[in-house]
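Undergrad: Provided below are the primary sequence and the corresponding predicted coordinates.
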Amino acid sequence: MYHRLVRKHSYRRPRPGRRRGFTLVELLVAVVLIDIGVLALVAESAVLVRKRNELTARAVAARLASDRVQTLAAFRCTPAAGAQTDPPGVRETWSVSPVSNRVREVRDSVAFDAGGTTHAVVLRTRLSC
């Protein structure tokens, strides 16, 4: 004969002191810790964006200075000086000055604003005439 056990399910109250789940204080602490972690990530990403913008501006300034030095190197051995503020926030000054009989010094300085401070890239070289 086939015999079946039937068990009735009844709701059992948990024993005092052995409740399941998390308390409200534990959940609040977890949320605060997660918020602190997210805020730290956001702050770090802001720092990285500022650094990236500064490096981009520095690369543009280095390229401007290099181009100017190459242009001035192509000219004759006559003293010259000048300045330019072509891209906004970038100030460039250059000079060509004789050092000795057949040698001249070519100097280019590019100042740029990045992150609220002013930075500069200076290229200086000596060329024969």
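TA: Perfect, I can see it now. Model, not experiment: these values are computed from the prediction.
Undergrad: Determine how far the one helix or strand residue 109 maps to lies from the middle of the whole chain.
TA: Applying DSSP states H and E as the criterion places residue 109 in strand 103-114. Relative to the centre of its chain, strand 103-114 is centred 24 Å away, using C-alpha atoms, centre = their mean, to the nearest Å.
Undergrad: Rounded mean pLDDT for that strand, please.
TA: Averaging pLDDT along strand 103-114 gives 92.
Undergrad: What pairs with it, parallel or antiparallel?
TA: Partners of strand 103-114 in the sheet, by DSSP bridges, are strand 90-100 (antiparallel), strand 117-128 (antiparallel).
Undergrad: which one of those lies closest to residue 40?
TA: strand 117-128 (24.3 Å; C-beta to C-beta). Just so you know, the C-beta spots here come from the backbone N, C-alpha and C atoms, and that holds for glycine as well.
Undergrad: what bridges to the closest residue to residue 89 other than its chain neighbours?
TA: What sits nearest to residue 89 in space, not counting adjacent residues and going by C-beta to C-beta, 6 or more residues apart in numbering, is residue 113, at 4.6 Å. Note on residue 113: beta-bridge partners by DSSP bridges are residue 118.
Undergrad: residues in contact with residue 113?
TA: With contact taken as C-beta atoms under 8 Å, 6 or more residues apart in numbering, residue 113 is in contact with 57, 89, 119.
Undergrad: Now which of those would you call buried?
TA: The neighbour count (16 or more other C-beta atoms under 10 Å) marks residue 57 as buried among the contacts of residue 113.
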